[in-house]
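*Asks:* Structure here, sequence nowhere to be found:
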């Protein structure tokens, strides 16, 4: 099969995954209306999807990790990337609406740039400084713009930015764990750890059969399935294109907010949202950053020697692309 023929199905899988993630913006308001709290929604999403990934990983013999240090790292990763992220996103939707939550969620790459300087001590070039300023300007415009059905407040903006910050941890955690472990292994550990973290805040109660069906849909359709689709697509699509295609997620979320929630962003908020999404796409497409990351990941993968050959070949493709 030629690369061009393999590329199109991969793009379709990644786009479909992004659309399924956006359906969180459909499930969450419906569950809030049925009486579930935001922490409770986050808990059940993490627990049920985590159980699915744990069963999947166990069947493939990929549930165990190599060392206590890796286990501890995955636990911390799960608290931040699942526990805090799922809670922050649910709270942002509850307080500000779907549109605001997803625009602020996509400040993630800007937080990665900040973390690169503060945590990793990396040099940030002029291009990424510009993208960071564009993102910050977008957030300011969204916060000032508001709109019909969009509830701008300090808590709603703060939870949205917290969602973007915790979402950014997937970039950093993925860089550490993906060279050594399969996505199902990482997902099982992080989701179940996140569920344990969220349990004290969940305030578990009994709910209607409809509510439980929606909870199952959130866990299966908008958590378990898109992860599988995304990483399947990533086998034949390089990371930069995948990240750009995945930005269909906030677009679909904005449509859901408008059609289902009656949300209408104001002009300033629309301009701000466009700036945030443009900065995200440009950051993902930056060739120097991609090539540097890919070559580093290739070295780690080959030296470690635990990943399947296909994944090594895929990272080699990333390193040589562009």
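*Replies:* Now that the structure is in, tell me what you want to look at. No experiment lies behind these values; they were computed from the predicted model shown.

*Asks:* can you list contacts of the helix or strand harbouring residue 169?
*Replies:* Residue 169 belongs to helix 154-177 when assigned by DSSP states H and E. Contacts with helix 154-177, where a contact means CB atoms under 8 Å, 6 or more residues apart in numbering, come from 70, 73-74, 77, 80-81, 84-85, 88-89, 91-92, 95-97, 100-101, 103-112, 115, 119-120, 139, 143, 186, 190, 293, 297. (C-beta placed from N, C-alpha, C; glycine too.)

*Asks:* Show the buried residues in those residues.
*Replies:* For those, a burial check counting by 16 or more other CB atoms under 10 Å picks out 70, 73-74, 77, 80-81, 84-85, 88-89, 91-92, 95-97, 100-101, 103-112, 115, 139, 143, 186, 190, 293, 297.

*Asks:* What residues of the helix holding residue 169 count as buried?
*Replies:* Within helix 154-177, the residues that qualify as buried are 156-173, 177, counting by 16+ other CB under 10 Å.

*Asks:* State the mean pLDDT of it.
*Replies:* In this model, helix 154-177 carries a mean pLDDT of 88.

*Asks:* quick check: angle from the helix or strand just after it to helix 154-177?
*Replies:* As assigned by DSSP H and E, the chain's next helix or strand after helix 154-177 is helix 183-202. Angle of helix 183-202 versus helix 154-177, following axes from the mean of the first three to the mean of the last three CA atoms, to 10 degrees, is 150 degrees.

*Asks:* and residue 47, how far is that from residue 68?
*Replies:* Taking CB to CB, to the nearest Å as the measure, residue 47 falls 24 Å from residue 68.

*Asks:* Of the two, give the one with the bigger neighbour count.
*Replies:* Taking neighbours as other CB atoms under 10 Å, residue 47 and residue 68 compare with residue 47 leading, 20 against 8.

*Asks:* so the more buried one sits right up against residue 193, yeah?
*Replies:* No: under the criterion of CB atoms under 8 Å, residue 47 is not in contact with residue 193, lying 10.7 Å apart.

*Asks:* Any regions of the stretch 101-250 of the chain where pLDDT drops low?
*Replies:* Within the stretch 101-250 of the chain, the stretches with pLDDT under 70 are 116-124, 238-240, 243.

*Asks:* Go again with 90.
*Replies:* Low-confidence segments of the stretch 101-250 of the chain (pLDDT under 90): 103-104, 106-152, 167-180, 203-205, 230-250.

*Asks:* Give the closest residue to the most centrally placed residue in the chain in space, chain neighbours not counted.
*Replies:* Of all residues in the chain, the one closest to the mean position by CA atoms, centre = their mean is residue 167, 5.4 Å from it. Leaving aside its sequence neighbours, residue 167 sits nearest to residue 108 (CB to CB, 6 or more residues apart in numbering; 4.3 Å).

*Asks:* what's that neighbour in contact with, if anything?
*Replies:* By CB under 8 Å, 6+ apart, the residues touching residue 108 are 164, 165, 167, 168, 170, 171, 280.

*Asks:* and if we set it to 10 Å?
*Replies:* Residue 108 is in contact with 85, 135, 163-171, 276, 280, 283, counting by CB atoms under 10 Å, 6 or more residues apart in numbering.

*Asks:* Could you do residue 31 as well?
*Replies:* Taking CB under 10 Å, 6+ apart as the test, what residue 31 contacts is 37-38, 40-41, 44-45, 90, 93-94, 207, 210-212, 214-215, 217-218.

*Asks:* Please check those residues and keep the buried ones.
*Replies:* For those, buried by 16+ other CB under 10 Å: 37-38, 40-41, 44-45, 90, 93-94, 207, 211, 214-215, 217-218.

*Asks:* I'd like to know which of those residues are part of helices.
*Replies:* Counted as lying in helices by DSSP state H, out of these, are 38, 40-41, 44-45, 90, 93-94, 211, 214-215, 217-218.

*Asks:* ok, now how distant is the closest residue to residue 267 other than its chain neighbours from residue 99?
*Replies:* In space, and not counting its chain neighbours, residue 267 is closest to residue 145: 6.7 Å by CB to CB, 6+ apart. Taking CB to CB as the measure, residue 145 falls 11 Å from residue 99.

*Asks:* who touches both of these two?
*Replies:* Common neighbours of residue 145 and residue 99 (criterion: CB under 10 Å, 6+ apart): 265, 269, 270, 273.

*Asks:* Just the buried subset of those residues, written out for PyMOL, thanks.
*Replies:* To isolate the buried ones among those in PyMOL, judged by 16+ other CB under 10 Å, type:
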select buried, resi 265+269+270+273
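
*Asks:* Which of the shared contacts of residue 145 and residue 99 fall within strands?
*Replies:* By the criterion of DSSP state E, membership of the shared contacts of residue 145 and residue 99 in strands covers residue 265.

*Asks:* and which of the shared contacts of residue 145 and residue 99 is nearest to residue 16?
*Replies:* residue 273 (22.5 Å; CB to CB).

*Asks:* Contact partners for the closest one?
*Replies:* Residue 273 is in contact with 99-100, 102-104, 106, 138-139, 141-142, 145, 250-251, 254, 265, counting by CB under 10 Å, 6+ apart.
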